[in-house]
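*Asks:* Quick one, fold the following:
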Amino acid sequence: MTESAPSPASGPAPGGERTFFSHPRGLMTLFTTEAWERFSYYGMRAILLLYITDSVVNGGLGFGEATGEAIVAVYGSAVYLLSIVGGWLADRMIGARRSVLYGGIVIAAGHVSLAIPAAGFTWLGLVLVALGTGLLKPNVSAMVGELYEREDPRRDAGFSIFYMGINLGSLFAPIVVGSVQRLWGYHAGFSVAAVGMAIALVFFVQGRRYLHGAGDAVPNPVRPEERAGIARILALVLAGVALVYLVAALVAGGWGGSTFVDALSYVALITPVVYFVVMYRSPKVLDTERPRLLAYIPLFVAAMLFWMIFEQAATTLTTFADTRTDLDLFGIEISPAFFQSINPASIIILAPVFAWLWQRTNGRPPTPYKFALGLALAALSFLFLSGASAVVGDGLAPPWVLVVVYVIQTLGELCLSPVGLAATTLLAPRAFRGQAMALWFLGNASGQAITAQLVQATAGASDTAYFGWIGIVALGVAGLMWALSPWVMRHIRAADAAEGVHTAGA
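*Replies:* Model prediction:
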(Lines give C-alpha, C1' and ligand atoms only; values in the text may rest on other atoms or scores of the structure.)
Protein backbone atom coordinates (compact mmCIF):
# COMPACT_ATOMS: atom_id res chain seq x y z
CA MET A 1 0.00 0.00 0.00
CA THR A 2 1.33 3.46 -0.89
CA GLU A 3 1.99 5.70 2.10
CA SER A 4 0.10 8.99 2.24
CA ALA A 5 1.75 12.38 1.91
CA PRO A 6 3.61 13.73 4.96
CA SER A 7 1.49 15.53 7.51
CA PRO A 8 2.60 18.57 9.53
CA ALA A 9 4.95 18.07 12.45
CA SER A 10 3.45 17.70 15.92
CA GLY A 11 2.05 14.21 16.30
CA PRO A 12 3.99 11.60 18.24
CA ALA A 13 5.82 8.91 16.34
CA PRO A 14 5.01 5.25 16.99
CA GLY A 15 7.99 5.07 19.34
CA GLY A 16 6.76 8.04 21.39
CA GLU A 17 8.99 10.74 19.90
CA ARG A 18 7.42 13.76 18.23
CA THR A 19 8.04 14.01 14.53
CA PHE A 20 8.89 16.63 11.91
CA PHE A 21 6.39 16.36 9.03
CA SER A 22 6.02 12.65 9.87
CA HIS A 23 9.80 12.26 9.68
CA PRO A 24 12.46 11.82 12.40
CA ARG A 25 12.81 15.01 14.44
CA GLY A 26 16.53 15.05 13.71
CA LEU A 27 15.54 16.11 10.21
CA MET A 28 14.38 19.41 11.74
CA THR A 29 17.86 20.02 13.19
CA LEU A 30 19.61 19.32 9.89
CA PHE A 31 16.92 21.18 7.93
CA THR A 32 17.40 24.37 9.98
CA THR A 33 21.19 24.15 10.10
CA GLU A 34 21.45 23.73 6.35
CA ALA A 35 18.92 26.51 5.71
CA TRP A 36 21.07 29.08 7.53
CA GLU A 37 24.34 27.72 6.15
CA ARG A 38 22.95 28.02 2.63
CA PHE A 39 21.75 31.55 3.46
CA SER A 40 25.34 32.48 4.21
CA TYR A 41 26.81 30.73 1.16
CA TYR A 42 24.27 31.85 -1.45
CA GLY A 43 24.15 35.35 -0.03
CA MET A 44 27.89 35.65 -0.55
CA ARG A 45 27.71 33.99 -3.97
CA ALA A 46 24.90 36.26 -5.18
CA ILE A 47 27.17 39.31 -5.14
CA LEU A 48 30.57 37.63 -5.66
CA LEU A 49 30.77 38.03 -9.46
CA LEU A 50 29.45 41.59 -9.26
CA TYR A 51 32.13 42.37 -6.66
CA ILE A 52 34.94 40.79 -8.67
CA THR A 53 34.01 42.53 -11.94
CA ASP A 54 32.93 45.91 -10.55
CA SER A 55 35.39 48.78 -10.82
CA VAL A 56 37.73 49.59 -7.94
CA VAL A 57 36.09 53.03 -7.71
CA ASN A 58 32.77 51.31 -6.95
CA GLY A 59 34.35 49.02 -4.35
CA GLY A 60 34.99 46.02 -6.62
CA LEU A 61 38.17 44.26 -7.70
CA GLY A 62 38.08 45.41 -11.34
CA PHE A 63 38.47 42.07 -13.18
CA GLY A 64 37.13 41.54 -16.71
CA GLU A 65 33.83 39.74 -17.37
CA ALA A 66 35.23 36.43 -18.70
CA THR A 67 37.96 36.32 -16.05
CA GLY A 68 35.46 37.03 -13.30
CA GLU A 69 33.13 34.30 -14.51
CA ALA A 70 36.01 31.82 -14.67
CA ILE A 71 37.13 32.73 -11.14
CA VAL A 72 33.62 32.30 -9.69
CA ALA A 73 33.12 29.02 -11.57
CA VAL A 74 36.41 27.51 -10.46
CA TYR A 75 35.79 28.77 -6.92
CA GLY A 76 32.48 26.91 -6.90
CA SER A 77 34.35 23.89 -8.24
CA ALA A 78 36.91 24.13 -5.42
CA VAL A 79 34.14 24.31 -2.81
CA TYR A 80 32.78 20.94 -3.91
CA LEU A 81 36.20 19.48 -4.70
CA LEU A 82 37.15 19.96 -1.07
CA SER A 83 34.17 17.82 -0.06
CA ILE A 84 36.58 14.89 -0.57
CA VAL A 85 38.50 16.09 2.47
CA GLY A 86 35.31 16.46 4.48
CA GLY A 87 34.05 13.04 3.49
CA TRP A 88 37.37 11.35 4.25
CA LEU A 89 37.75 13.04 7.64
CA ALA A 90 34.21 12.04 8.59
CA ASP A 91 34.67 8.44 7.50
CA ARG A 92 38.14 7.90 8.91
CA MET A 93 38.83 10.34 11.76
CA ILE A 94 36.18 12.57 13.32
CA GLY A 95 32.70 11.48 12.17
CA ALA A 96 30.09 13.44 10.26
CA ARG A 97 28.74 15.49 13.18
CA ARG A 98 32.08 16.97 14.17
CA SER A 99 32.94 17.59 10.51
CA VAL A 100 29.77 19.67 10.20
CA LEU A 101 30.55 21.57 13.41
CA TYR A 102 34.17 22.36 12.54
CA GLY A 103 33.24 23.22 8.97
CA GLY A 104 30.64 25.70 10.17
CA ILE A 105 33.17 27.45 12.38
CA VAL A 106 35.64 27.78 9.49
CA ILE A 107 32.90 29.08 7.17
CA ALA A 108 31.90 31.73 9.70
CA ALA A 109 35.54 32.87 9.95
CA GLY A 110 35.67 33.07 6.15
CA HIS A 111 32.63 35.32 5.92
CA VAL A 112 34.05 37.58 8.61
CA SER A 113 37.24 37.85 6.54
CA LEU A 114 35.23 38.73 3.42
CA ALA A 115 33.57 41.54 5.37
CA ILE A 116 36.95 43.26 5.83
CA PRO A 117 37.52 45.76 2.96
CA ALA A 118 40.91 44.59 1.73
CA ALA A 119 41.75 42.38 -1.26
CA GLY A 120 43.99 40.08 0.81
CA PHE A 121 41.16 39.34 3.25
CA THR A 122 38.85 38.68 0.29
CA TRP A 123 41.02 35.83 -1.02
CA LEU A 124 41.58 34.50 2.52
CA GLY A 125 37.83 34.55 3.13
CA LEU A 126 37.11 32.63 -0.07
CA VAL A 127 39.68 29.98 0.88
CA LEU A 128 38.16 29.59 4.35
CA VAL A 129 34.60 29.34 3.04
CA ALA A 130 35.70 26.72 0.51
CA LEU A 131 37.51 24.67 3.18
CA GLY A 132 34.62 24.89 5.64
CA THR A 133 32.01 24.00 3.06
CA GLY A 134 34.08 20.98 2.05
CA LEU A 135 33.89 19.79 5.66
CA LEU A 136 30.22 20.56 6.16
CA LYS A 137 28.37 19.99 2.90
CA PRO A 138 28.77 16.24 2.24
CA ASN A 139 28.38 15.27 5.86
CA VAL A 140 25.19 17.10 6.74
CA SER A 141 23.55 15.34 3.78
CA ALA A 142 25.01 11.99 4.84
CA MET A 143 23.53 12.52 8.31
CA VAL A 144 20.07 12.87 6.74
CA GLY A 145 20.58 9.41 5.24
CA GLU A 146 21.45 8.00 8.69
CA LEU A 147 18.05 9.04 10.05
CA TYR A 148 16.31 6.37 7.93
CA GLU A 149 16.46 2.61 7.62
CA ARG A 150 17.51 1.37 4.18
CA GLU A 151 14.00 0.26 3.16
CA ASP A 152 12.15 3.23 4.71
CA PRO A 153 9.73 4.51 1.99
CA ARG A 154 9.98 8.03 3.49
CA ARG A 155 13.63 8.31 2.42
CA ASP A 156 13.18 10.19 -0.89
CA ALA A 157 10.52 12.42 0.65
CA GLY A 158 12.83 13.18 3.58
CA PHE A 159 15.56 14.34 1.24
CA SER A 160 13.05 16.48 -0.65
CA ILE A 161 12.00 18.16 2.62
CA PHE A 162 15.65 18.66 3.54
CA TYR A 163 16.23 20.14 0.11
CA MET A 164 13.39 22.59 0.69
CA GLY A 165 15.22 23.73 3.83
CA ILE A 166 18.30 24.44 1.74
CA ASN A 167 16.20 26.60 -0.52
CA LEU A 168 14.54 28.53 2.28
CA GLY A 169 17.99 29.88 3.09
CA SER A 170 18.95 30.52 -0.50
CA LEU A 171 15.59 32.23 -1.23
CA PHE A 172 16.12 35.11 1.17
CA ALA A 173 19.90 35.34 0.83
CA PRO A 174 20.12 37.15 -2.56
CA ILE A 175 17.30 39.51 -1.56
CA VAL A 176 18.74 40.43 1.84
CA VAL A 177 22.42 40.45 0.90
CA GLY A 178 21.73 42.13 -2.46
CA SER A 179 19.73 44.88 -0.75
CA VAL A 180 22.39 45.44 1.91
CA GLN A 181 25.09 45.53 -0.78
CA ARG A 182 23.24 48.20 -2.78
CA LEU A 183 22.77 50.35 0.34
CA TRP A 184 26.09 49.96 2.14
CA GLY A 185 28.50 48.18 -0.20
CA TYR A 186 29.85 44.71 -0.92
CA HIS A 187 31.57 44.11 2.41
CA ALA A 188 28.42 44.95 4.35
CA GLY A 189 26.68 42.29 2.28
CA PHE A 190 29.37 39.77 3.16
CA SER A 191 28.91 40.58 6.86
CA VAL A 192 25.24 39.53 6.61
CA ALA A 193 26.44 36.13 5.36
CA ALA A 194 28.65 35.84 8.46
CA VAL A 195 25.62 36.37 10.73
CA GLY A 196 23.72 33.66 8.84
CA MET A 197 26.47 31.11 9.43
CA ALA A 198 26.62 31.96 13.14
CA ILE A 199 22.88 31.25 13.44
CA ALA A 200 23.36 27.91 11.64
CA LEU A 201 25.95 26.87 14.23
CA VAL A 202 23.62 27.71 17.10
CA PHE A 203 20.82 25.57 15.68
CA PHE A 204 23.16 22.64 15.02
CA VAL A 205 24.61 22.60 18.54
CA GLN A 206 21.23 23.06 20.24
CA GLY A 207 19.55 20.34 18.16
CA ARG A 208 22.10 17.60 18.71
CA ARG A 209 19.81 15.68 21.09
CA TYR A 210 17.34 15.02 18.28
CA LEU A 211 19.94 13.31 16.10
CA HIS A 212 20.19 10.28 18.42
CA GLY A 213 23.84 9.70 17.58
CA ALA A 214 23.55 10.20 13.81
CA GLY A 215 26.97 11.25 12.56
CA ASP A 216 28.78 10.49 15.83
CA ALA A 217 30.35 7.20 14.73
CA VAL A 218 33.49 6.99 12.62
CA PRO A 219 32.49 4.31 10.06
CA ASN A 220 36.01 3.29 9.01
CA PRO A 221 38.54 4.61 11.56
CA VAL A 222 42.20 4.85 10.65
CA ARG A 223 44.20 1.98 12.16
CA PRO A 224 47.77 2.58 13.39
CA GLU A 225 49.23 0.34 10.69
CA GLU A 226 47.50 2.43 7.99
CA ARG A 227 49.11 5.76 8.89
CA ALA A 228 52.26 5.30 6.85
CA GLY A 229 50.23 4.32 3.80
CA ILE A 230 47.95 7.33 4.21
CA ALA A 231 50.98 9.61 4.43
CA ARG A 232 52.29 8.16 1.16
CA ILE A 233 48.92 8.67 -0.50
CA LEU A 234 48.84 12.27 0.70
CA ALA A 235 52.31 12.84 -0.73
CA LEU A 236 51.21 11.34 -4.06
CA VAL A 237 48.12 13.56 -4.13
CA LEU A 238 50.19 16.68 -3.49
CA ALA A 239 52.69 15.62 -6.14
CA GLY A 240 49.83 15.00 -8.59
CA VAL A 241 48.35 18.44 -7.95
CA ALA A 242 51.77 20.04 -8.45
CA LEU A 243 52.16 18.14 -11.72
CA VAL A 244 48.75 19.27 -12.93
CA TYR A 245 49.65 22.86 -12.07
CA LEU A 246 52.88 22.52 -14.05
CA VAL A 247 50.96 21.19 -17.05
CA ALA A 248 48.51 24.08 -16.78
CA ALA A 249 51.41 26.53 -16.69
CA LEU A 250 52.95 24.98 -19.80
CA VAL A 251 49.61 25.13 -21.64
CA ALA A 252 48.98 28.73 -20.58
CA GLY A 253 52.59 29.78 -21.11
CA GLY A 254 52.87 31.44 -17.71
CA TRP A 255 52.06 31.38 -14.01
CA GLY A 256 49.23 33.93 -13.79
CA GLY A 257 45.73 33.73 -12.42
CA SER A 258 44.43 31.92 -15.50
CA THR A 259 46.94 29.13 -14.83
CA PHE A 260 45.50 28.68 -11.34
CA VAL A 261 41.97 28.55 -12.78
CA ASP A 262 43.03 25.96 -15.38
CA ALA A 263 44.90 23.83 -12.84
CA LEU A 264 41.92 23.67 -10.50
CA SER A 265 39.68 22.81 -13.45
CA TYR A 266 41.94 19.92 -14.47
CA VAL A 267 42.06 18.62 -10.90
CA ALA A 268 38.26 18.76 -10.63
CA LEU A 269 37.87 16.76 -13.84
CA ILE A 270 40.56 14.17 -13.08
CA THR A 271 39.63 13.56 -9.43
CA PRO A 272 36.27 11.78 -9.99
CA VAL A 273 37.91 9.35 -12.42
CA VAL A 274 40.63 8.49 -9.91
CA TYR A 275 38.08 8.32 -7.13
CA PHE A 276 35.87 5.81 -8.95
CA VAL A 277 38.85 3.59 -9.75
CA VAL A 278 40.22 3.63 -6.19
CA MET A 279 36.82 2.96 -4.65
CA TYR A 280 35.97 0.18 -7.11
CA ARG A 281 39.28 -1.62 -6.52
CA SER A 282 39.32 -1.21 -2.74
CA PRO A 283 39.37 -4.53 -0.83
CA LYS A 284 36.89 -2.95 1.61
CA VAL A 285 34.25 -2.85 -1.11
CA LEU A 286 32.29 -6.10 -1.32
CA ASP A 287 31.80 -7.88 -4.63
CA THR A 288 28.05 -7.44 -4.19
CA GLU A 289 28.52 -3.66 -3.91
CA ARG A 290 30.56 -3.16 -7.09
CA PRO A 291 27.62 -3.40 -9.55
CA ARG A 292 26.09 -0.40 -7.77
CA LEU A 293 29.26 1.62 -8.33
CA LEU A 294 29.16 0.80 -12.05
CA ALA A 295 25.52 1.81 -12.17
CA TYR A 296 26.42 5.11 -10.50
CA ILE A 297 28.81 6.22 -13.31
CA PRO A 298 26.14 7.26 -15.86
CA LEU A 299 24.21 8.96 -13.07
CA PHE A 300 27.35 10.91 -12.19
CA VAL A 301 27.92 12.04 -15.79
CA ALA A 302 24.32 13.21 -16.11
CA ALA A 303 24.57 15.06 -12.80
CA MET A 304 27.88 16.66 -13.82
CA LEU A 305 26.34 18.15 -16.98
CA PHE A 306 23.22 19.20 -15.10
CA TRP A 307 25.28 21.14 -12.56
CA MET A 308 27.42 22.60 -15.34
CA ILE A 309 24.25 24.30 -16.58
CA PHE A 310 22.55 24.94 -13.25
CA GLU A 311 25.51 26.54 -11.45
CA GLN A 312 25.88 29.16 -14.17
CA ALA A 313 23.39 31.12 -12.10
CA ALA A 314 26.45 32.60 -10.38
CA THR A 315 28.34 33.28 -13.63
CA THR A 316 26.86 33.63 -17.11
CA LEU A 317 23.26 34.08 -15.91
CA THR A 318 24.36 36.79 -13.46
CA THR A 319 26.16 38.51 -16.34
CA PHE A 320 23.03 38.14 -18.52
CA ALA A 321 20.94 39.66 -15.72
CA ASP A 322 23.41 42.51 -15.25
CA THR A 323 24.07 43.43 -18.91
CA ARG A 324 21.32 41.89 -21.09
CA THR A 325 18.20 42.24 -18.92
CA ASP A 326 15.90 45.20 -18.29
CA LEU A 327 16.25 45.70 -14.52
CA ASP A 328 13.55 48.35 -14.26
CA LEU A 329 10.57 46.83 -12.44
CA PHE A 330 7.63 49.18 -11.87
CA GLY A 331 9.99 52.13 -11.86
CA ILE A 332 12.42 50.54 -9.40
CA GLU A 333 15.83 49.29 -10.50
CA ILE A 334 16.33 45.83 -9.05
CA SER A 335 19.65 44.13 -8.32
CA PRO A 336 20.85 41.40 -10.72
CA ALA A 337 21.34 39.25 -7.61
CA PHE A 338 17.57 39.13 -7.03
CA PHE A 339 17.06 36.70 -9.93
CA GLN A 340 18.93 34.04 -7.94
CA SER A 341 15.96 33.90 -5.57
CA ILE A 342 13.66 32.56 -8.31
CA ASN A 343 15.04 29.03 -8.14
CA PRO A 344 14.69 28.60 -4.36
CA ALA A 345 11.25 30.23 -4.41
CA SER A 346 10.18 27.70 -7.04
CA ILE A 347 11.70 24.88 -4.99
CA ILE A 348 9.73 25.90 -1.89
CA ILE A 349 6.50 25.85 -3.89
CA LEU A 350 7.21 22.66 -5.83
CA ALA A 351 9.27 20.50 -3.41
CA PRO A 352 6.23 19.38 -1.37
CA VAL A 353 4.48 18.49 -4.62
CA PHE A 354 7.42 16.35 -5.76
CA ALA A 355 7.81 14.77 -2.30
CA TRP A 356 4.13 13.82 -2.39
CA LEU A 357 4.46 12.60 -5.98
CA TRP A 358 7.42 10.29 -5.22
CA GLN A 359 5.54 8.82 -2.26
CA ARG A 360 2.30 8.33 -4.18
CA THR A 361 4.13 6.63 -7.07
CA ASN A 362 6.37 4.62 -4.72
CA GLY A 363 9.45 6.33 -6.18
CA ARG A 364 8.47 5.88 -9.86
CA PRO A 365 9.87 6.45 -12.42
CA PRO A 366 13.14 4.75 -11.42
CA THR A 367 16.12 6.90 -10.48
CA PRO A 368 18.06 6.85 -13.79
CA TYR A 369 14.97 8.04 -15.71
CA LYS A 370 14.61 10.91 -13.25
CA PHE A 371 18.23 11.86 -13.97
CA ALA A 372 17.53 11.88 -17.72
CA LEU A 373 14.47 14.09 -17.21
CA GLY A 374 16.40 16.50 -14.99
CA LEU A 375 19.21 16.94 -17.51
CA ALA A 376 16.76 17.32 -20.40
CA LEU A 377 14.95 20.14 -18.59
CA ALA A 378 18.23 21.92 -17.84
CA ALA A 379 19.14 21.66 -21.53
CA LEU A 380 15.77 23.08 -22.56
CA SER A 381 16.26 26.06 -20.24
CA PHE A 382 19.42 27.05 -22.12
CA LEU A 383 17.79 26.44 -25.51
CA PHE A 384 14.98 28.76 -24.44
CA LEU A 385 17.48 31.43 -23.32
CA SER A 386 19.35 31.07 -26.61
CA GLY A 387 16.13 31.68 -28.52
CA ALA A 388 15.20 34.65 -26.35
CA SER A 389 18.65 36.15 -26.86
CA ALA A 390 18.25 35.81 -30.64
CA VAL A 391 14.84 37.51 -30.52
CA VAL A 392 15.95 40.56 -28.51
CA GLY A 393 19.17 40.94 -30.50
CA ASP A 394 21.17 43.89 -29.15
CA GLY A 395 18.33 45.00 -26.89
CA LEU A 396 17.48 44.10 -23.32
CA ALA A 397 15.49 40.99 -22.47
CA PRO A 398 12.41 41.41 -20.25
CA PRO A 399 12.83 40.08 -16.70
CA TRP A 400 10.36 37.22 -17.28
CA VAL A 401 12.86 35.52 -19.61
CA LEU A 402 15.20 34.70 -16.74
CA VAL A 403 12.21 33.78 -14.58
CA VAL A 404 11.23 31.11 -17.12
CA VAL A 405 14.82 29.86 -17.35
CA TYR A 406 15.10 29.42 -13.59
CA VAL A 407 11.68 27.75 -13.26
CA ILE A 408 12.53 25.19 -15.97
CA GLN A 409 15.84 24.47 -14.23
CA THR A 410 13.98 24.07 -10.94
CA LEU A 411 11.79 21.34 -12.42
CA GLY A 412 14.95 19.57 -13.57
CA GLU A 413 16.59 20.04 -10.19
CA LEU A 414 13.68 18.42 -8.37
CA CYS A 415 13.86 15.44 -10.71
CA LEU A 416 17.60 14.97 -10.17
CA SER A 417 19.10 16.54 -7.08
CA PRO A 418 17.18 15.30 -3.98
CA VAL A 419 16.80 11.92 -5.69
CA GLY A 420 20.54 11.92 -6.41
CA LEU A 421 21.35 12.56 -2.75
CA ALA A 422 19.14 9.66 -1.71
CA ALA A 423 20.53 7.38 -4.44
CA THR A 424 24.10 8.12 -3.36
CA THR A 425 23.46 7.03 0.22
CA LEU A 426 21.88 3.84 -1.13
CA LEU A 427 24.45 2.95 -3.81
CA ALA A 428 27.56 3.86 -1.79
CA PRO A 429 29.69 1.03 -0.38
CA ARG A 430 29.30 0.90 3.39
CA ALA A 431 32.99 1.60 4.04
CA PHE A 432 32.90 4.73 1.87
CA ARG A 433 29.50 6.25 2.65
CA GLY A 434 30.77 9.70 3.58
CA GLN A 435 33.29 9.72 0.76
CA ALA A 436 30.65 8.56 -1.73
CA MET A 437 28.55 11.56 -0.72
CA ALA A 438 31.62 13.66 -1.47
CA LEU A 439 31.74 11.91 -4.84
CA TRP A 440 28.19 13.13 -5.49
CA PHE A 441 29.34 16.70 -4.88
CA LEU A 442 32.32 16.14 -7.17
CA GLY A 443 29.76 16.07 -9.98
CA ASN A 444 29.11 19.71 -9.14
CA ALA A 445 32.84 20.43 -9.00
CA SER A 446 33.43 18.87 -12.40
CA GLY A 447 30.48 20.68 -13.93
CA GLN A 448 31.71 24.07 -12.74
CA ALA A 449 35.24 23.21 -13.91
CA ILE A 450 33.82 22.71 -17.40
CA THR A 451 32.15 26.12 -17.11
CA ALA A 452 35.44 27.74 -16.08
CA GLN A 453 37.00 26.46 -19.29
CA LEU A 454 33.99 27.26 -21.49
CA VAL A 455 33.65 30.90 -20.48
CA GLN A 456 37.32 31.50 -21.28
CA ALA A 457 37.30 29.54 -24.55
CA THR A 458 34.11 31.22 -25.80
CA ALA A 459 34.89 34.80 -24.74
CA GLY A 460 33.31 37.05 -27.36
CA ALA A 461 30.76 34.46 -28.55
CA SER A 462 27.14 35.57 -28.71
CA ASP A 463 24.72 34.51 -25.98
CA THR A 464 22.62 32.82 -28.67
CA ALA A 465 25.48 30.57 -29.73
CA TYR A 466 26.84 29.95 -26.21
CA PHE A 467 23.58 28.90 -24.57
CA GLY A 468 22.30 27.18 -27.71
CA TRP A 469 25.22 24.81 -28.24
CA ILE A 470 25.38 23.88 -24.56
CA GLY A 471 21.64 23.11 -24.64
CA ILE A 472 21.96 20.93 -27.76
CA VAL A 473 24.84 18.86 -26.35
CA ALA A 474 23.16 18.41 -22.96
CA LEU A 475 19.89 17.35 -24.58
CA GLY A 476 21.76 14.69 -26.56
CA VAL A 477 23.37 13.32 -23.40
CA ALA A 478 19.97 13.27 -21.68
CA GLY A 479 18.68 11.06 -24.49
CA LEU A 480 21.65 8.75 -24.04
CA MET A 481 21.00 8.60 -20.28
CA TRP A 482 17.40 7.55 -20.96
CA ALA A 483 18.62 4.80 -23.29
CA LEU A 484 21.10 3.56 -20.64
CA SER A 485 18.54 3.52 -17.82
CA PRO A 486 17.57 -0.18 -18.22
CA TRP A 487 21.28 -1.14 -17.97
CA VAL A 488 21.62 0.94 -14.79
CA MET A 489 18.55 -0.69 -13.27
CA ARG A 490 19.82 -4.20 -14.04
CA HIS A 491 23.05 -3.53 -12.13
CA ILE A 492 21.23 -2.07 -9.12
CA ARG A 493 18.79 -4.97 -8.96
CA ALA A 494 21.57 -7.53 -9.39
CA ALA A 495 23.40 -6.09 -6.38
CA ASP A 496 20.20 -5.95 -4.33
CA ALA A 497 19.35 -9.55 -5.21
CA ALA A 498 22.86 -10.68 -4.18
CA GLU A 499 22.41 -9.03 -0.77
CA GLY A 500 18.76 -10.04 -0.40
CA VAL A 501 17.48 -6.48 -0.09
CA HIS A 502 15.08 -4.26 -1.97
CA THR A 503 15.83 -0.60 -2.69
CA ALA A 504 12.68 1.49 -2.40
CA GLY A 505 12.20 3.80 -5.36
CA ALA A 506 14.97 2.24 -7.42
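
*Asks:* ok, longest helix in the chain?
*Replies:* Longest helix of the chain, by residue count under DSSP state H: helix 463-499.

*Asks:* Which elements pack onto it?
*Replies:* helix 290-310, helix 316-323, helix 367-392 (3 or more C-beta pairs under 8 Å, 6 or more residues apart in numbering; DSSP states H and E). The way it works is simple: take the backbone N, C-alpha and C, and place the C-beta from them, glycine included.

*Asks:* Can you check what angle separates that helix from helix 367-392?
*Replies:* 180 degrees (axes from the mean of the first three to the mean of the last three C-alpha atoms, to 10 degrees).

*Asks:* Next, A397: phi, psi?
*Replies:* Main-chain dihedrals, A397, degrees, to the nearest 10: phi -80, psi 140.

*Asks:* Just the pLDDT at the closest residue to it other than its chain neighbours, thanks.
*Replies:* Computed as C-beta to C-beta, 6 or more residues apart in numbering, the closest residue to A397 that is not its neighbour in sequence is T325, at 5.2 Å. pLDDT for T325: 93.

*Asks:* Kindly report the same for D287.
*Replies:* Note for D287: predicted pLDDT of 77.

*Asks:* How many residues are close by it?
*Replies:* 8 (other C-beta atoms under 10 Å).

*Asks:* That one and L426: what is the separation?
*Replies:* To L426, D287 is 18 Å away according to C-beta to C-beta, to the nearest Å.

*Asks:* same thing with A388?
*Replies:* For A388, the distance to L426 (C-beta to C-beta) stands at 39 Å.

*Asks:* What of A118?
*Replies:* Distance, A118 to L426, by C-beta to C-beta: 46 Å.

*Asks:* Which residue of the two possesses the greater neighbour count?
*Replies:* L426 (22 against 10).

*Asks:* ok so, going back, may I see the helices and strands packed on helix 463-499 arranged in JSON lines, with distance to L243 as well?
*Replies:* What follows is the helices and strands packed on helix 463-499, written out as JSON lines (distance: least, C-beta to C-beta, whole Å):
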{"stretch": "helix 290-310", "distance to L243": "23"}
{"stretch": "helix 316-323", "distance to L243": "31"}
{"stretch": "helix 367-392", "distance to L243": "33"}
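
*Asks:* phi, psi of E333?
*Replies:* Dihedral angles for E333 - degrees, to the nearest 10 - are phi -80, psi 120.

*Asks:* For the stretch 201-350 of the chain, which segments count as helices?
*Replies:* In the stretch 201-350 of the chain, the segments counted as helices under DSSP state H, counting those that start in this stretch are 227-252, 257-281, 290-310, 316-323, 342-360.

*Asks:* coming back round to it: weakest of the helices and strands packed on helix 463-499 by average pLDDT?
*Replies:* Among those, helix 290-310 carries the lowest mean pLDDT, at a mean of 90.

*Asks:* residues contacting V177?
*Replies:* Neighbouring residues of V177 by C-beta atoms under 8 Å, 6 or more residues apart in numbering: 43-44, 46-47, 189-190, 192-193, 337.

*Asks:* try 6 Å this time
*Replies:* By C-beta atoms under 6 Å, 6 or more residues apart in numbering, the contact set of V177 is 43, 46, 189, 192.

*Asks:* and what of Y466?
*Replies:* T458.

*Asks:* Now do V222 against V391, distance only.
*Replies:* Note on V222: its distance to V391, by C-beta to C-beta, is 59 Å.

*Asks:* same question, E151
*Replies:* Using C-beta to C-beta, E151 is found at 51 Å from V391.

*Asks:* tell me the strands in the stretch 51-200 of the chain, going along the chain?
*Replies:* For the stretch 51-200 of the chain, no strands are identified by DSSP state E, counting those that start in this stretch.
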